[in-house]
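K.L.:
test case, fold it:
(chains A, B and C)
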Amino acid sequence: MSQETIIKFDKVNKWYGDDFHVLRDIDLDVAKGERIVVCGPSGSGKSTLIRCINRLEEHQQGHLTVDGIELTDDVKAIDKVRKNVGMVFQQFNLFPHLSVLENLTLSPMWVGKMPKKEAEERAMQQLERVRIAEQAAKFPLQLSGGQQQRVAIARALCLTPKIMLFDEPTSALDPEMIKEVLDVIVELADQGITMICVTHEMGFAKAVADRVIFMDQGQIVEQNTPEAFFNNPQNERSKDFLSKILGH
Amino acid sequence: MKHQPPPQKRAWSLNSSATRGIIFQVLTLSLVLAGVWFLWHNMQENMRIRGIESGWDFLGSTAGFDIGETMIEYHPSESYGKAIWVGVLNTLKVAVIGIVLTTLVGVLIGVGRFSRNALVRGLCYGYVELFRNVPILLQLLMWYLIFIEVLPPSNEAWNVAGLFFLSKGGLSFPFPTDGVGQVLAGAAIGLVGAWFWRDRKQKHFELTGQNSNRIWGPAALILMFAVAGWAVAGMPTAWNVPEQLIFMVDGGVAATPEFMAVLVGLVIYTAAFIAEVVRSGIQSVSAGQVEAALALGLNQKQNMKLVVLPQALRVIIPPMTNQYLNLTKNSSLAVAVGYPDVVSIANTTINQSGRAVECIAIIMLVYLTTSLSTSAFMNWYNQRMAIKER
Amino acid sequence: MADTFIPIASRPSPVKVTGFVPWVQGNLFADWRSSLTTLFVIGLVLYVLPGFANWAIFNSVVRADADACQAARGVGACWGVVTEKYRLILFGRYPYEDHWRPLLATSIMVGGLVLSCMRYFWKPWLVIMWFGVLAVFFTLMGGGVFGLEPVRTDLWGGLPLTVMLATLSIFLAFPIAIMVALGRRSNLPAIRSVCIVYIELIRGVPLISVLFMASFMFPLFMPQGMPIDVLVRVVVGITLFAAAYMAEIIRGGLQALPKGQLEAADTLGLSYWQTQRKIVLPQALAMTVPTMMGNFISIFKDTSLVFIVSLYELVGAMSLALNSDVNWRPFKIEAYLFITLVYFIFCISMSRYSLWVEKQLSVSKAR
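P.N.:
Below you'll find the predicted structure:
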């Protein structure tokens, strides 16, 4: 990982309505190629944090810069940012009326203005990367949850993004499918892409993360290397959270 | 292990569900057939006693009554069969025009429920609640009453630019005298050309990734061919223009107040239901789909066209077709305002010829044909478009 | 990287989002298109509303004075027609002095309907209660016993007729619909075909043709010499019509039931009819309540069609009341508006109830 900052949160604050202060004074620098895991209790604002990065959520105060572009109401800036940021959702959100291959070629063709053949070649490459190339002609609802999530990862990769965001990618999966998805993400991590992953899977965090960020009540409470965080949490809230997660 | 044939079934047994099933069906069918025979026999008896004739020959006899508005030439000296056919055409006329208009209005209102403007949202909501909760018959009667009471008499019709006249006698508007057929034929050819144009554009897009507008070109093509059709017809410029005479408005094409009442009533009533269908169709596409599309960099237009509409349409079209069927069936209420649709004419025929059974059978046949063919189309469409699942 | 952690307290947002002004700004004046629309709508309302309010309220005549109404024609609404004729409109040709009877009968029936809507009363004895309500209704309306003057059924009209037709038809159609729905899903081809033919036939034709059939052909079907009351014919027609639609709704509910329920019942040794009665139907029917309500609203609206076969429900009663009275005949629009209001109140109450039931059912499903 280089020292160049690719995402910068500068005193970012977000409210839902007038009173729900969901992100409080977030200061965060993400270096290029860095792999970050964000964890915390539900309602802590971790999903909101990463959804601000590709402007699926808007922040009201502070400055958020992604790859040199500041995120404001400027639609063109938002479009540029989204072309460089790929996102994988908890509920997969594959387009059910399109085949797997069509799901992947949609954005390159319509946003990237790529010819169909080239888009399909790139799509097949990504499908092979996530080891699901044989399902290219199938439709999303014909696949299992783990397969669908891998297709979703491939779809995000088709944009050749600089940053990949994962919003609890395995939370909606049956236990036996979690491993196949996590393996794919681990492989990605080894290829130098900047990653921010919101997850409860602590084994994954230990294996892959350069930094673990613990959030609670809208604030970054603690951030450290995985070993330091899991073995020696500094804060009461972190200790409390870890005891609940690692207890069973 | 040697392949063994399955064990032989026992011959038959009163306890086996198969036998019981057969016995049950035989019993039911016999009951149904016995019931039908009973009713049929009574009917024959009663008709004989009351001197009611039966048979389809009456369709050839003289009708003897006039029909208020017809799409084809008709004279009271023609047969009942012809009169009923006029009724069928009138039903089709109001149904087809009604379906087109109600789709427009319904989609606008359904989409309006999602407007950013609260007044628009509220008005659309109010529209749906108001017109869904009042019987259609009442609405038809009210529109008819409004047209009759509020509109001026024919000797002083309201007019717009001297071309459109509105009065108790109806709505008169100008219409070209010739060339309509040729223009339509030209437009049809243009439509085929437009289809090929769009197909070529799609292939070009897939080959190079360059997307260009696919609306203006084909539209211009259709227009061009329509103009060509007009030229082939000898460039007719004559229009049948209505004008205000002392007692009435003459000329042009007239839509009677009965037709307008039925059309407006049906369109406004059905649009409320279509608006609901459209609304629930759009809502059925989960927010996550839109988020995924946005995250992939699609803009709002592309999002609508590629992700939301294809999914929404699959949910919308079956109930929408059902509403079209309802509109067609509701047009049967035209008999209450005096619009001569097939039910109205069949009713007159029953009163004159006494052939109630045959006429009711004709009415039911007309509507059944429409419904069943629409259902068949719906089933075919659903199977083709179904989202493939495990 | 272990900085000391200072918890940050929650602050209110610097940009107010709730409240009247932000709402107006966001919902009415969000962008130029929205602002223009808002101004246009407000302008339209200001243009139309005073005129309409004048006509409907300020210049209107409420007393039952035909001359005052004539004088106010075009300027003010004649609500006097309602004041004068409301009893004729609401009760039809029923004998004037006995109007308390249809009033009481309708109230009892509406009361029964309201009770049936409350979950507390969804017990088997509800059916028995309904037999009681219907018996009371017909006794009160028909008379001939307990010293009540007999009243012929063709004199029944107005609101009691509407409510009675809708309720009775649904009540009678229910068992038929259940049978047909079960038959439609049966494995026995003969049963299934008969049910399919019935459903598709009825759903493919307009109600008016079914009413015509019932009206013209029913007497022909009966053994010679057996007169059939007009009301009976119409009830049979509407019942057969409603049953086909209800059968499809119930079939939807049956289909939505997970197969595991049937399998569990099988393993418990229940027979086909026991399974249907105790396991399948209770669950399937509960799932269909919102759609059923929608169907009931449709049937309620459709009773207005009996006007075409000469039964004088609200619309027919009104035509009768006004056509025979030259003084009040010009004021049909106001009378129509009155009837519209009556139907609207009934239908919108039913649809609100239906929405409430839907919410209740989804709450019980959420864990």
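
K.L.:
and stretch B:102-120, anywhere near chain C?
P.N.:
Yes - part of stretch B:102-120 sits near chain C under the criterion C-beta under 8 Å from any C-beta of the partner chain, namely B:Ser115, B:Arg116, B:Asn117, B:Ala118, B:Leu119, B:Val120. Every residue, glycine included, has its C-beta placed from N, CA and C.

K.L.:
before we move on, which element is the last one in?
P.N.:
Assigned by DSSP states H and E, B:Val120 falls within helix B:118-132.

K.L.:
tilt between whichever helix or strand comes after that helix and helix B:118-132?
P.N.:
Using DSSP H and E, the helix or strand that follows helix B:118-132 towards the C-terminus is helix B:136-150. Put simply, helix B:136-150 runs at 110 degrees to helix B:118-132, going by axes from the mean of the first three to the mean of the last three C-alpha atoms, to 10 degrees.

K.L.:
next helix or strand past helix B:136-150?
P.N.:
Counting by DSSP H and E, the next helix or strand C-terminal to helix B:136-150 is strand B:158-160.

K.L.:
before we move on, back to that, identify the farthest-apart pair in the residues of stretch B:102-120 next to chain C.
P.N.:
B:Arg116 and B:Leu119 (10.5 Å; C-beta to C-beta).

K.L.:
quick one, which of the two is more surrounded?
P.N.:
When B:Arg116 and B:Leu119 are compared for neighbours, B:Leu119 comes out ahead with 18 against 14, by other C-beta atoms under 10 Å in any protein chain shown.

K.L.:
OK, contacts around that one?
P.N.:
If you count contacts by C-beta atoms under 8 Å, 6 or more residues apart in numbering or on different chains, B:Leu119 has them with C:Leu28, C:Thr37, C:Thr38, C:Val41, C:Ile42.

K.L.:
give me the phi and psi angles of the closest residue in space to the third one that isn't next to it in sequence.
P.N.:
Take C:Thr38 and drop its neighbours on the chain: the residue closest to it by C-beta to C-beta, 6 or more residues apart in numbering or on different chains is C:Leu28, 4.5 Å away. Phi and psi for C:Leu28, reported as degrees, to the nearest 10, are phi -110, psi -30.

K.L.:
verify the stated contact: C:Leu28 with B:Ala118.
P.N.:
Yes - C:Leu28 is within contact range of B:Ala118, at 5.9 Å (criterion: C-beta atoms under 8 Å).

K.L.:
for the closest residue to B:Ser54 other than its chain neighbours, list the residues it contacts.
P.N.:
Of all residues not flanking B:Ser54 in the chain, B:Met47 sits nearest, at 6.1 Å (C-beta to C-beta, 6+ apart). Neighbour list for B:Met47: B:Glu53, B:Ser54, C:Leu220 [criterion: C-beta under 8 Å, 6+ apart].

K.L.:
same question, B:Leu166
P.N.:
B:Leu151, B:Ala157, B:Trp158, B:Asn159, B:Val160, B:Ser172.

K.L.:
and B:Arg390, what pLDDT?
P.N.:
Here, the pLDDT recorded for B:Arg390 equals 66.

K.L.:
about what we covered before: ok, C:Leu28 and B:Ala118, which is more surrounded?
P.N.:
A count of neighbours by other C-beta under 10 Å puts C:Leu28 above the other of C:Leu28 and B:Ala118, at 19 against 16.

K.L.:
and B:Leu294, how far from B:Val307?
P.N.:
In this view, B:Leu294 and B:Val307 are 10 Å apart by C-beta to C-beta, to the nearest Å.

K.L.:
which residues are in contact with the residue in the stretch 151-300 of chain C that chain B sits nearest to?
P.N.:
At 3.4 Å from chain B, C:Gly204 is the closest residue in the stretch 151-300 of chain C, using C-beta to the nearest C-beta. Going by C-beta under 8 Å, 6+ apart, C:Gly204 touches B:Met364, B:Tyr367, B:Leu368, B:Thr370, B:Ser371, B:Leu372, B:Ser375.

K.L.:
can you list the low-confidence ranges for chain B?
P.N.:
Within chain B, the stretches with pLDDT under 70 are B:1-2, B:8-14, B:390.

K.L.:
get me the contact residues on it for chain A.
P.N.:
B:205-211, B:286, B:288-289, B:291-299, B:302, B:306-307, B:310-311, B:314, B:387-390.

K.L.:
does A:Ala137 touch A:Glu102 like I think?
P.N.:
No - between A:Ala137 and A:Glu102 there is no contact under C-beta under 8 Å: 9.6 Å.

K.L.:
among the two, which residue is more densely surrounded?
P.N.:
It is A:Glu102, of A:Ala137 and A:Glu102, that has more neighbours when counted by other C-beta under 10 Å, with 18 against 10.

K.L.:
rewinding a little: among the contacts of B:Leu119, which lie within helices?
P.N.:
With DSSP state H as the criterion, helices contain C:Leu28, C:Thr37, C:Thr38, C:Val41, C:Ile42 from among the contacts of B:Leu119.

K.L.:
mark which of those are buried, thanks.
P.N.:
Buried by 16 or more other C-beta atoms under 10 Å in any protein chain shown: C:Leu28, C:Thr37, C:Thr38, C:Val41, out of those.

K.L.:
surely A:Lys113 is in a helix?
P.N.:
No - secondary structure of A:Lys113 (DSSP: H, G, I helix; E, B strand; the rest coil): coil, not part of a helix.

K.L.:
tell me where chain A has strands.
P.N.:
A:5-16, A:20-31, A:35-39, A:61-66, A:69-70, A:85-88, A:163-167, A:194-198, A:211-216, A:219-224 (DSSP state E).

K.L.:
quick check: which of those strands is nearest to C:Gln274?
P.N.:
Closest to C:Gln274 of the strands of chain A is strand A:163-167 (C-beta to C-beta; 49.2 Å).

K.L.:
strands paired with the closest one, and their directions?
P.N.:
The strands that strand A:163-167 pairs with in its sheet are strand A:85-88 (parallel), strand A:194-198 (parallel) (by DSSP bridges).

K.L.:
and the residue in chain A that chain C sits nearest to, how far from B:Thr328?
P.N.:
As assessed by C-beta to the nearest C-beta, chain C sits closest to A:Trp15 within chain A, at 3.7 Å. Distance from A:Trp15 to B:Thr328, counting by C-beta to C-beta: 53 Å.

K.L.:
do the same with C:Ala284
P.N.:
31 Å.

K.L.:
and what of B:Phe247?
P.N.:
For B:Phe247, the distance to B:Thr328 - C-beta to C-beta - is 36 Å.

K.L.:
output the below-cut-off pLDDT ranges for the chain.
P.N.:
You didn't pick a chain, so chain A it is. Along chain A, segments meeting pLDDT under 70 span A:1, A:247-248.

K.L.:
sorry, I should have been clearer: chain C.
P.N.:
C:1-4, C:225, C:362-367.

K.L.:
which helix runs longest in it?
P.N.:
Max-length helix for chain C by DSSP H is helix C:332-365.

K.L.:
any buried residues in that one, and which?
P.N.:
Result for helix C:332-365 [16+ other C-beta under 10 Å]: buried residues C:332-336, C:338-340, C:342-344, C:346-348, C:350-351, C:353-354, C:357.

K.L.:
near chain B, list only the ones from the residues you listed.
P.N.:
Answer for those near chain B (C-beta under 8 Å from any C-beta): C:Lys332, C:Ile333, C:Tyr336, C:Ile339, C:Thr340, C:Tyr343, C:Phe344, C:Cys347, C:Ile348, C:Ser351.

K.L.:
let's have those in JSON lines, adding distance to chain A.
P.N.:
Formatted as JSON lines, these follow (distance: C-beta to the nearest C-beta, whole Å):
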{"residue": "C:Lys332", "distance to chain A": "52"}
{"residue": "C:Ile333", "distance to chain A": "48"}
{"residue": "C:Tyr336", "distance to chain A": "46"}
{"residue": "C:Ile339", "distance to chain A": "45"}
{"residue": "C:Thr340", "distance to chain A": "41"}
{"residue": "C:Tyr343", "distance to chain A": "41"}
{"residue": "C:Phe344", "distance to chain A": "36"}
{"residue": "C:Cys347", "distance to chain A": "36"}
{"residue": "C:Ile348", "distance to chain A": "32"}
{"residue": "C:Ser351", "distance to chain A": "31"}
